[in-house]
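Colleague: Turn this into a structure:
(one chain, ligands or ions: 1)
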Amino acid sequence: MTDTSLAPVEVEPHLSGRFGKPYLYEPECTSTQQLLLGSGLPEGAVAATDHQTSGRGRLGRVWEAPPGSAVLISILLRPPPDRRLPELSLVAALAVAETVEAAVQLAAQVKWPNDVMLNRRKVAGVLSELSDGTVVVGIGINVNQTRDELPLDAPTEPGSLRTATGTTLDRAVLLASLLSRLERMYGTWRAEGLDGIYGGLGARDFLRGRRITADGEQGTAVQILRDGRLEIETDAGDVKALESGEVLFER
Ligand code: BTN
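Modeller: Next up is the predicted model:
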């Protein structure tokens, strides 16, 4: 498989829904988040690039990928004001997990709050940023990186679809598939809340039953709850529901 770029000529012929209209593309940019934040564009607008020079991860981290190796996009959404924002990251992560599964025919999981795992490695991350009632959801999927092109110092061991399968994928086709799944899942969530997608999410709950460390405490992850929080049981015997943050797991 010869990979293409994420240029409109490669992606737009595969788009079937409202997401990706308009489709903004830069061969290189600082961060696709920057292209949409404060832009006033309609819901469903997408910014994509083949290379970010200052890609942003959660918790102030950087997000890096060699040029032409990853799916790097942001999408502008206007969710109902009464919905909890962390739920939207789970919606996006689940759409990514299902897209990855369909592409590589392997089971993918959602690691709360917003990572996508394949073979116990992180292959994608979601970053949701709010500005003036608009949410810009950034998604990075490691697609065609070789093992030595992945970050060395990531808190969760990274992988790519290529390292998991040994084959390269057409990123434009993958992106179009993601946008169509995300549009459908977002619509369900808008109408029904997290309950509407909880079956798919619960079935792909990576942390469930794993030994974890969260907020400096050790324990066991119980499950992602129906309101999007993570239920954990600490070794001291406390049952807690986490709102956000980072969970480290034992491999
Ligand atoms: C994380 O796991 O820390 C979230 C990573 C999000 C990365 C994506 S890549 C496209 C978009 N632009 C950015 O600068 N970040 C997000």
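Colleague: Am I right that residue 128 falls within a strand?
Modeller: Yes - Residue 128: assigned to a strand according to DSSP: H, G, I helix; E, B strand; the rest coil.
Colleague: and it, how many neighbours?
Modeller: 24 (other CB atoms under 10 Å). The C-beta positions use only the backbone N, C-alpha and C, and glycine is treated the same way.
Colleague: Kindly report the same for residue 195.
Modeller: Residues near residue 195, counting by other CB under 10 Å: 11.
Colleague: Doesn't it belong to a helix?
Modeller: Yes - the assignment for residue 195 by three-state DSSP puts it in a helix.
Colleague: what is residue 247 paired to in the beta sheet?
Modeller: residue 214 (DSSP bridges).
Colleague: go on, residue 47?
Modeller: Beta-bridge partners, per DSSP bridges, of residue 47: residue 24, residue 74.
Colleague: residues touching residue 251, list them.
Modeller: 120, 157 (CB atoms under 8 Å, 6 or more residues apart in numbering).
Colleague: separation between residue 90 and residue 240?
Modeller: 18 Å (CB to CB, to the nearest Å).
Colleague: Give me every residue in the stretch 51-200 of the chain lying close to the ligand.
Modeller: Proximity of the stretch 51-200 of the chain to the ligand (CB under 6 Å from any ligand atom) is limited to residues 52, 55-58, 61, 63, 72-74, 115, 125-127, 138-140.
Colleague: so where is the stretch 151-251 of the chain shaky, pLDDT-wise?
Modeller: Along the stretch 151-251 of the chain, no part satisfies pLDDT under 70.
Colleague: Helices along that one, start to end?
Modeller: Taking DSSP state H, counting those that start in this stretch as the test, the helices found in the stretch 151-251 of the chain are 161-165, 171-192, 198-203.
Colleague: which residues in the protein form strands?
Modeller: Counting by DSSP state E, the chain has strands at residues 23-26, 46-49, 70-77, 108-111, 115-118, 121-131, 134-142, 211-214, 217-224, 230-234, 239-242, 247-249.
Colleague: Kind regards, and thank you for your time.
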